[in-house]
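Colleague: Give me a 3D structure for the following:
(one chain, ligands or ions: 1)
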Amino acid sequence: MTKSHDLVTIDDLVEKLKTYINKEEEISGIITAYQFANEKHKEQFRKSGEPYIIHPINVAIILTTIYADSATIKAALLHDVLEDTDCTQEEMEEKFGREVTQLVLGATKISKIHFSTENDYLIDYYKKIIVGISEDVRVIIIKLADRLHNMRTLWALPKEKQKRKAKESLEIFASIANHLGIHKIKSELEDLSLRYLKPEVFYDIAEKLNKTKLERDKTVYEMMQEVTNLLTEHSIVHEIKGRSKSIYSIYNKLNKGKKFSDIYDLLALRIIVNTEQECYLALGIIHSKFRPLPKRFKDYIAMPKPNMYQSLHTTVFGLDGYLFEIQIRTHDMDEVAENGVACHWAYKENCDAKKSMQSTTEQKLQFFKVIMDLNNDKMSSEDFVHSVTDEVLNNNIYVFTPKGDVIELPKGATPIDFAYKVHTKVGETTVGAIVNNSIVPLNYELQNNDIVKINTNKNSTPSKEWLNIVKSTQARNKIRGYFTKNEKEVYIEKGKYLLEKELKRRKIPYQDFYKEENITKVNKSLKTNSVEEIYLGIGNSKLSAGSVINLIDQYKQVSAPKVIKIPPKVLDTDLIVDGIDKVKVNLANCCNPIFGDEIVGYITKGNGISVHRLHCHNVEMLEDRTINVSWNEKTIENKKYLTLLVIYTNTLENKIADLVQKTSMMNISIESIKTIGKEDGFIYEGSIYVRDVTHLNKLLLEYEKTPYISRVERLMR
Ligand code: MN
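Modeller: Here you go, the predicted model:
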């Protein structure tokens, strides 16, 4: 846990390599890889100020502690070359061959993923992705070492980034290291993560451990002597070590409500013997002298952990009443416990070369096992939430943006769904898609892990055909929204036409009517904001052209039809605006939010805050001017809210009377109901007043039971 400013060199690496790699040509191959990487990174420096090459050397050194093979060491030295320098895949392949290049490519792929640790099911998914896209388990091991060195030098990064990286390391990387059984990397990652995530806790535990260290050391030493004598008396050849628990594992226990003084396995011994039989023998001998604590014995030899860990665990009352946690295992088991999958590497001393030869089949099997374990984890948990999560995972796919952000989509989703998920604007201007570097049709079915790039053209618009292609409700609603919005433009056109036709009929020159004072007066009476809004009102038949003209005294016609007013937008006390007390708030009339809807405020220019439904496409593009608003649950007014429904029927019989009856039965007032189109049957638009979402849902339920109604939507303009 040093603030490693220590400038390691290639010599330090070579020295470590020589402890387990005997072939001179392999060492010199590694040196060549180093020289190449050094040359490529020579202008680059790390945030910590060191020359960049220090990082890959450190990653390689970490890998020597688990006896990584020479291809892995080379790939570790080269792991950032493809991403950060001008080196191409071809150049690397020519110099170092396919095996090394594939490892580097795999590592590069993983470093392009942007992790977000906010969502639990995403965390599980990231683990699967990492495992899934690494066709060779050595890729993951390189990434673990890479992450470990980055964590060791995390102090060089800004605070906020430290926390994020620490969380990622703990929840994703340490967990993978654990699945792979690489204990050394796992526990250092955990300790380092804790140090940045909860520094107070970390230093508190470290200090307490320090304070009690002398006493513990003495006790452990005496106990070791006792146990060694005992085993030697029974002719069991063994190694014995005292061992310290990691700070993170102590933190975990404290977190489960234990007191520091109660964490009885602070004192721990490990006994390593030659055969499995001797493990049980040693256990028996120790239990005969030191009384075991009930229920603390675990036989991981007979029942290995999923990551292949094997050992006997017991806790006994030792000298001076101290409790000792004792692990007993063979040398082979110890190797697996420390290095997990990495223990299959070929170069260990006192190891049968043939047996330990790295077998690809064995690797692959191991690899599948890891994937299975990741799944089993979820299964073994009886938590209902988890099984739901699994549902979610099974019905969704995860694809990437070219930058590596993960996008979640329903199974069967197309590039259009993807585009809308990225941004409405992207969706609406989509012209083509590239998946994993090849052009695909827009109805292409995306697969897990696809990398998707959308081509857009700012002059392009959605096609109605897309409604038949998309899978996600979000994209479908947005496409529909787009066409409804465009219908709005049609209404405006129509309104203008009707108004001017009426002006012509009454022989009023346009320029006279359109005088600024007239328009201001009309806007004021109708509570509209622009000529377009006046047109819109006329176009969608809320207003008649005549009634609008009548608002100007000099043009008033006695016989003119009565003005139908647009319902006034009220100053609402039923809305709470984040951080602001008195502000003009009104409900937007594009999406007509009702009490209980998810809402968001939009800060208008000079007209206070207009409140929209959260997914109203009019605000989605304006994120930078939004503000949190919420419904005031304590409101006492018995207010009703206007909302617009589009009711699709399957009949060409006029159902207006029936609809009116059904609706008023629910104590809902109807402002208007009219036919707006026809598909398989008439389509009606109803504007109604409801108390809140629950009230509206009751109505929708009633509609659902009505045989001639095929679908109902709330209108968003
Ligand atoms: Mn790196």
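Colleague: which helices and strands sit right next to the top helix by length along the chain?
Modeller: Ranked by residue count and defined by DSSP state H, the top helix of the chain is helix 199-233. For helix 199-233, the packing partners by 3 or more CB pairs under 8 Å, 6 or more residues apart in numbering; DSSP states H and E come out as helix 183-197, strand 238-243, helix 247-255, strand 267-273, helix 276-289. Every C-beta, even on glycine, is put in place using the N, C-alpha and C of the backbone.
Colleague: mind listing what's buried in the second one?
Modeller: Within strand 238-243, the residues that count as buried by 16 or more other CB atoms under 10 Å are 238, 240, 242.
Colleague: who touches that strand?
Modeller: 217, 220-221, 224, 227-228, 231, 268-273, 278, 282 (CB atoms under 8 Å, 6 or more residues apart in numbering).
Colleague: sorry, back to before: pLDDT added to the buried residues of strand 238-243, as JSON lines?
Modeller: As requested, those are exported to JSON lines (pLDDT from 0 to 100):
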{"residue": "238", "pLDDT": "94"}
{"residue": "240", "pLDDT": "93"}
{"residue": "242", "pLDDT": "83"}
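Colleague: As CSV, those residues with distance to the ion would be great.
Modeller: Putting those into CSV (distance: CB to the ion, whole Å) gives the following:
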residue, distance to the ion
238, 40
240, 38
242, 35
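Colleague: Can you list the residue ranges for helices in the stretch 251-400 of the chain?
Modeller: All helices of the stretch 251-400 of the chain, identified by DSSP state H, counting those that start in this stretch, fall at 276-289, 331-339, 353-356, 360-380, 384-395.
Colleague: Skipping its backbone neighbours, what lies nearest the residue of the stretch 51-200 of the chain found nearest the ion in space?
Modeller: Evaluated by CB to the ion, the stretch 51-200 of the chain has residue 146 as its residue closest to the ion, separated by 4.3 Å. Leaving aside its sequence neighbours, residue 146 sits nearest to residue 59 (CB to CB, 6 or more residues apart in numbering; 5.1 Å).
Colleague: Over to residue 415?
Modeller: Residue 415 sits nearest to residue 433 (CB to CB, 6+ apart), 3.4 Å away.
Colleague: which residues touch the one you found?
Modeller: With contacts defined as CB under 8 Å, 6+ apart, residue 433 is in contact with 415, 418, 419, 439, 440, 441, 442, 444, 452, 453, 454, 455.
Colleague: okay, now residue 165: neighbour count?
Modeller: Neighbour count of residue 165, defined by other CB atoms under 10 Å: 22.
Colleague: Would the helix or strand containing it count as contacting the ion?
Modeller: If you go by DSSP states H and E, residue 165 is part of helix 159-168. No - on the criterion CB under 5 Å from the ion, helix 159-168 is out of touch with the ion, staying 12.4 Å away.
Colleague: need the next SSE after that helix, C-terminal direction.
Modeller: The first helix or strand that comes after helix 159-168 along the chain, using DSSP H and E, is helix 175-179.
Colleague: tell me the mean pLDDT for that following helix?
Modeller: The predicted model assigns helix 175-179 a mean pLDDT of 82.
Colleague: Packing partners of it?
Modeller: Counting contacts by 3+ CB pairs under 8 Å, 6+ apart, helix 175-179 packs against helix 120-133, helix 137-152, helix 183-197, helix 360-380.
Colleague: list the helices and strands the second one packs on?
Modeller: Spelled out, it's helix 137-152. helix 54-64, helix 70-77, helix 89-111, helix 120-133, helix 159-168, helix 175-179, helix 183-197, helix 360-380.
Colleague: out of the ones you listed, nearest to residue 254?
Modeller: helix 183-197 (11.2 Å; CB to CB).
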